[in-house]
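>>> 3D, please:
(4 chains)
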There are 4 protein chains.
Amino acid sequence: MTDLNSKTTIRILTTGGTIEKSYCESDGTLKNRASIIREGLISSLRLPYTHLELESVLNKDSLEMDDSDRDQICAAIARTAEKGDPIVILHGTDTMSVSADYCHAKMGTPKVPVVFTGAMKPMGFIDSDARQNFTEALLAARLMPPGFYIAFHNRVFPIPGARKNLQTGTFESI
Amino acid sequence: MTDLNSKTTIRILTTGGTIEKSYCESDGTLKNRASIIREGLISSLRLPYTHLELESVLNKDSLEMDDSDRDQICAAIARTAEKGDPIVILHGTDTMSVSADYCHAKMGTPKVPVVFTGAMKPMGFIDSDARQNFTEALLAARLMPPGFYIAFHNRVFPIPGARKNLQTGTFESI
Amino acid sequence: MTDLNSKTTIRILTTGGTIEKSYCESDGTLKNRASIIREGLISSLRLPYTHLELESVLNKDSLEMDDSDRDQICAAIARTAEKGDPIVILHGTDTMSVSADYCHAKMGTPKVPVVFTGAMKPMGFIDSDARQNFTEALLAARLMPPGFYIAFHNRVFPIPGARKNLQTGTFESI
Amino acid sequence: MTDLNSKTTIRILTTGGTIEKSYCESDGTLKNRASIIREGLISSLRLPYTHLELESVLNKDSLEMDDSDRDQICAAIARTAEKGDPIVILHGTDTMSVSADYCHAKMGTPKVPVVFTGAMKPMGFIDSDARQNFTEALLAARLMPPGFYIAFHNRVFPIPGARKNLQTGTFESI
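Now for the predicted structure:
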């Protein structure tokens, strides 16, 4: 008999991006340093029936990613998907749809839902959209069928089919 | 030709509950006063492709609701569902599943997704779960097929099938 | 030789009041429970050269205080002042000036600065004035000569000489 | 007859620095742009008997300031002090004591209290010290006699006599 209230595992792969940037008080810069996801983002959410597993795949600004980085992301997705749990990928917004399209082109439909998300403003800011987008990505990871998606600003985009709109600072359908 | 990026309307019906409680500095109490949803909750979210319509149906603690209140909620749902847009209902947690079950028993499957949500801690608190639950309810309203649901703490429960767990302060499947 | 950068001790006496009220999720009430000062207030301030010692004297709404409670506060002040460090007293706003006047009438000028403060909105709220008032009281405790004071909303009132203005929700000179 | 509760004016001169840095979502950088003091800092404080006048003197990282910039700050202080109200100066921490010492050496004791402050972390961050330091500077501006000061992390340093400690990220007496 299935326990209706057993915990669902969601696997988080972090790749860097604005969402993970933290402020260094000694030199006054924002950088992708060690992953601050657990303290800055997860601890503020109530997830009584969700178990999160974190893995840091990359830690860079998405404008600096190339195909070799994206191959690493694909490999991490393929390896992680074998475990059968939904996946959320934290990624810089500038090339998020490029990476998502790349993974889709290379891998086809994955065995599990793979939801990319990120933020326009780093998670440490009072008015960051990190918590909203991460909340949405976690829920989309539970609700959507296997496939690649971007969850952002109350929308879930099937991949391919989304791109960043630089003027409005959000994602839109194409 | 459809505009892929036109705004989706989601209709919010407020009924009171902890999520809407605000602190009165002159008498030091927490009460369900006028709806503070727009300033306290919506203004902190980024919803570039979502249009929210608010309507206040009731404004009370859900422990004080009776069947006549629930008939009012049903009537508001029936009337609002005619417009064809998804519905989110803000409701106290103590009898949220009672109201959702009541509406389902009386109305069957509605024409649109109807997602109940609320919070364990009023939205004005630093560590309130109101923003998380509301974010989840808005996304569930976009993603789910017509039916009654409760969205809470990273889960979406089909109705009937959920109840509040007083010990753990969350909802669970039954 | 004196170390110019040794830590200054400030002794905090808590008596309850709005500033210390915390929300109970199981019954939905705001109450003066155990002192939540350290986690909710002190941990958010940077005090590299200040050492805080906390003592809970009372834990009640100041509207419920009587002279016997105020005698307890006086006794705690007298005992604590012997240690020679400045004192900050957290107190409900409704009778804060009554208690401060009472202590002054009974004790005259104390050996150290004794600064009463509190808040119009409990410290757990996003827009609470607790952190502002507490920050001001700590600084006034360092800067003022021995005497009784109320620090509130960017003012430091010598006692006697202040009262709460119920209409404006702040303190004023009399 | 004096109105005991008339508003006190405090004049704020802004020069830039970390405290005023804001995040630009389009290029992902932190810069000293237009002054964001009013919305980001002042609006969160309760100042019923304080009137703030803001003037932007400079808008730069304090590591980039030279003597010509400091002459501008001196000129602004001299001109502003004529009005007889206390002054608070927002300044980068890296050379705050250099500027304060420079003004003191050039101007001697000013006619009013002149309190420098700033922050280790920009005001938009959840865990910024901007609000604490600004709260302290406003109170010190009310309480101290004419002279130059730095208010920071619950201390008020007479100038000359303070310097930034890069290791601990705060100011200390010398």
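>>> mind checking how far residue A:152 is from chain D?
13 Å (CB to the nearest CB, to the nearest Å). Any C-beta I mention is one placed from the backbone N, CA and C, and that applies to glycine too.
>>> touching, that residue and residue A:117? I think so.
Yes: contact criterion CB atoms under 8 Å: residue A:152 and residue A:117 qualify, at 6.1 Å.
>>> quick one, helices of chain A?
For chain A, applying DSSP state H gives helices covering A:37-40, A:67-81, A:96-107, A:130-143.
>>> poorly predicted segments of chain A, please.
A:1-2, A:33-35 (pLDDT under 70).
>>> hey, what's in contact with both of residue A:152 and residue A:117?
A:133, A:136 (CB atoms under 8 Å, 6 or more residues apart in numbering or on different chains).
>>> for the residue of chain A found nearest chain C, what are its contacts?
Closest approach of chain A to chain C (CB to the nearest CB) occurs at residue A:126, with a separation of 9.6 Å. When contacts are counted by CB under 8 Å, 6+ apart, residue A:126 is found next to D:124, D:125, D:126.
>>> quick check: the second one vs residue D:133, distance?
Same thing as residue D:125. Taking CB to CB, to the nearest Å as the measure, residue D:125 and residue D:133 are separated by 13 Å.
>>> one more: residue A:7?
Separation of residue A:7 from residue D:133 (CB to CB): 43 Å.
>>> comparing these two, which shows the higher neighbour count?
Neighbours were tallied for residue A:7 and for residue D:133 using other CB atoms under 10 Å in any protein chain shown; the higher tally belongs to residue D:133 (28 against 12).
>>> what sits against the more buried one?
Shown in contact with residue D:133 (CB under 8 Å, 6+ apart): D:19, D:117, D:118, D:119, D:151, D:152, D:153.
>>> same question, residue A:69
A:15, A:58, A:60.
>>> wait, what's in contact with residue A:164?
A:93, A:94, A:96, A:97, A:170, A:171.
>>> let's see that with 7 Å instead.
Residue A:164 is in contact with A:93, A:94, A:96, A:97, A:171, counting by CB atoms under 7 Å, 6 or more residues apart in numbering or on different chains.
>>> the first one is in contact with residue A:16, isn't it?
This points to residue A:93. No: look at residue A:93 against residue A:16 with CB atoms under 7 Å: they stay out of range, at 11.3 Å.
>>> for stretch A:15-33, which outside residues touch it?
A:14, A:35-37, A:57-62, A:73, A:89-93, A:118-124, A:130, D:18, D:28, D:30, D:120-121, D:125, D:166, D:169.
>>> could you pull out the strands for chain A?
A:8-14, A:22-24, A:29-31, A:50-56, A:87-90, A:113-117, A:147-152, A:155-158, A:162-165, A:170-173 (DSSP state E).
>>> can you list the strands that the fifth one pairs with?
Going back to what we said before, that points to strand A:87-90. strand A:8-14 (parallel), strand A:113-117 (parallel) (DSSP bridges).
>>> and what of the fourth one?
Applying DSSP bridges to the sheet, strand A:50-56 is found paired with strand A:8-14 (parallel).
>>> got the angle for the strand it pairs with vs helix A:130-143?
Angle of strand A:8-14 versus helix A:130-143, following axes from the mean of the first three to the mean of the last three CA atoms, to 10 degrees, is 130 degrees.
>>> could you give me the buried positions within strand A:8-14?
Residues A:8, A:10, A:11, A:12, A:13, A:14 are the ones in strand A:8-14 that count as buried (16 or more other CB atoms under 10 Å in any protein chain shown).
>>> quick check, nearest of those to chain D?
Distance to chain D, by CB to the nearest CB, is smallest for residue A:14 among those, at 17.3 Å.
>>> residue contacts, the closest one?
By CB under 7 Å, 6+ apart, the contact set of residue A:14 is A:20, A:35, A:37, A:54, A:56, A:57, A:90.
>>> same thing with residue A:36?
So residue A:36 contacts A:20, A:22 (CB under 7 Å, 6+ apart).
>>> please name the residues that touch residue A:173.
A:157, A:161, A:162, B:4, B:5.
>>> thought the third one was touching residue A:171?
It stands for residue A:162. Yes: using CB under 7 Å, residue A:162 makes contact with residue A:171 at a distance of 5.1 Å.
>>> any shared contact partners between those two?
Counting by CB under 7 Å, 6+ apart, the residues touching both residue A:162 and residue A:171 are residue A:150.
>>> show me which residues of chain A sit near chain B.
Residues of chain A that fall close to chain B, judged by CB under 7 Å from any CB of the partner chain: A:4-5, A:45-50, A:129, A:132, A:135-136, A:138-140, A:143, A:153-156, A:168, A:170, A:172-173.
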